[in-house]
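# model this:
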Amino acid sequence: MKLLSHISVDCVILGFDGTKLHVLLSERNILLQEDTKIRSGKYKLPGDMIGNNESPQDTAFRVLNNYTGRDRLFLKQFEVFGTPGRIKSPNDLLWLRQTTGIDIDRVITLAYLALVKIDQSEPKDVSENLHWVPVDQLPHLIFDHDAIVKRAFEEIQRELRTEPVGFELLPKKFTIRQLQLLYEIVFERELDSRNFRKKIRNLKYIVPLEEKETGVSHKPAQLFRFDPKLFNKYKKDIGFFI
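The predicted structure is shown next:
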């Protein structure tokens, strides 16, 4: 029996700009000849093969650091994708062999979910064509990355019901409207603004500030901040938002 040894990490990196939720995608280059690449118009998730001296999490943090410039992010391994034949396109397989230098036939992928503040990301790997793409405008992705993104959204929905991970996407000072919009996008449904605001104001760990938005064309809204210490103190009493 031929043993399988090719294991990779792919990261679904989500960012929120205050109005839309985005996924960070890499546009695949096509290697024409040595040192000559062209853009393909095909997109994939950021990822890489696991190094011989790395744990899967080490690889995930390396990928995040290269693609966002940050290494202290919310990161969770949520699924393993290893179905035989998941690399269906001959062109995808050829590209994978070219970029890795390995005669690959099959890859097992550990999928990670990462949350980042878009305005704080600064990629180190400038050789990649990186794009923050709104979730409602995602193109078809190569390999089975569409399925990975879908599964990642199921995971963040589950997380948001019980944990305060949404604040990893929001600025330190945010409005209730921004928070509500984030939840509406993730859960793909509208929420009643009056009920949502009432719930938020009853949560002791969402602290109102004596500050308002600046530089906006509409009436400035009050700003709030998330207090993790208060969250831990009152966690047992939480019914949470959704």
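# Between the two ends of stretch 164-178, how far is it?
One end of stretch 164-178 to the other measures 15 Å (CA to CA, to the nearest Å).
# Mind listing what's buried along that stretch?
Residues of stretch 164-178 classed as buried: 164-171, 174-178 (neighbour count, 16 or more other CB atoms under 10 Å). Where C-beta positions appear, they are placed from N, C-alpha and C, glycine not excepted.
# Which ones among the residues you listed map onto helices?
If you go by DSSP state H, these have 176-178 in helices.
# Select the longest helix from the chain.
helix 145-162.
# Just the C-alpha atoms of that helix, please, in CSV.
Extracted C-alpha coordinates of helix 145-162, given in CSV (Å, rounded to 0.1, in the frame of the first residue of the first chain):
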residue,chain,number,x,y,z
HIS,A,145,-12.2,25.5,-0.9
ASP,A,146,-15.8,26.4,-1.5
ALA,A,147,-16.8,23.5,0.9
ILE,A,148,-14.1,24.7,3.4
VAL,A,149,-15.6,28.2,3.5
LYS,A,150,-19.1,26.9,3.9
ARG,A,151,-18.0,24.7,6.8
ALA,A,152,-16.2,27.7,8.3
PHE,A,153,-19.4,29.7,8.3
GLU,A,154,-21.2,26.9,10.2
GLU,A,155,-18.4,27.0,12.7
ILE,A,156,-18.5,30.8,13.3
GLN,A,157,-22.3,30.6,13.7
ARG,A,158,-21.8,28.0,16.4
GLU,A,159,-19.1,30.1,18.1
LEU,A,160,-21.1,33.3,18.0
ARG,A,161,-24.0,31.7,19.8
THR,A,162,-21.9,30.9,22.9
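# Which neighbouring elements make contact with the helix or strand harbouring Leu96?
Taking DSSP states H and E as the definition, Leu96 sits inside helix 90-100. Where contact means 3 or more CB pairs under 8 Å, 6 or more residues apart in numbering; DSSP states H and E, helix 90-100 is packed against strand 21-33.
# need the contact list for Pro134.
Contact analysis of Pro134 by CB atoms under 8 Å, 6 or more residues apart in numbering lists 20-22.
# Tell me how far Glu210 lies from Lys173.
To Lys173, Glu210 is 11 Å away according to CB to CB, to the nearest Å.
# likewise Gly69?
Distance from Gly69 to Lys173, counting by CB to CB: 22 Å.
# buried residues in the helix or strand harbouring Arg62?
Per DSSP H and E, Arg62 falls inside helix 56-68. By neighbour count with 16+ other CB under 10 Å, helix 56-68 contains the buried residues 59-68.
# Next: stretch 177-195.
For stretch 177-195, burial by neighbour count (16+ other CB under 10 Å) applies to 177-183, 185-187, 191.
# Between the two ends of it, what distance do you get?
12 Å.
# helices and strands of the chain: which one bottoms out on pLDDT?
One helix or strand of the chain scores below all others by mean pLDDT, DSSP states H and E: strand 36-44, with a mean of 68.
# After it, which helix or strand is next?
Using DSSP H and E, the helix or strand that follows strand 36-44 in sequence is strand 47-49.
# domain ranges for the chain?
Domains of the chain are assigned by automatic domain parsing as 7-162, 170-237.
# which residues touch the closest residue to Ser121 other than its chain neighbours?
Excluding the flanking residues, the one nearest Ser121 by CB to CB, 6 or more residues apart in numbering is Thr68, at 4.1 Å. Thr68 sits next to 13, 24, 114, 116, 121-123 when contact means CB under 8 Å, 6+ apart.
# Taking these, tell me the two that lie furthest apart.
Of all pairs drawn from the contacts of Thr68, the widest gap by CB to CB lies between Ala114 and Glu122 and measures 15.1 Å.
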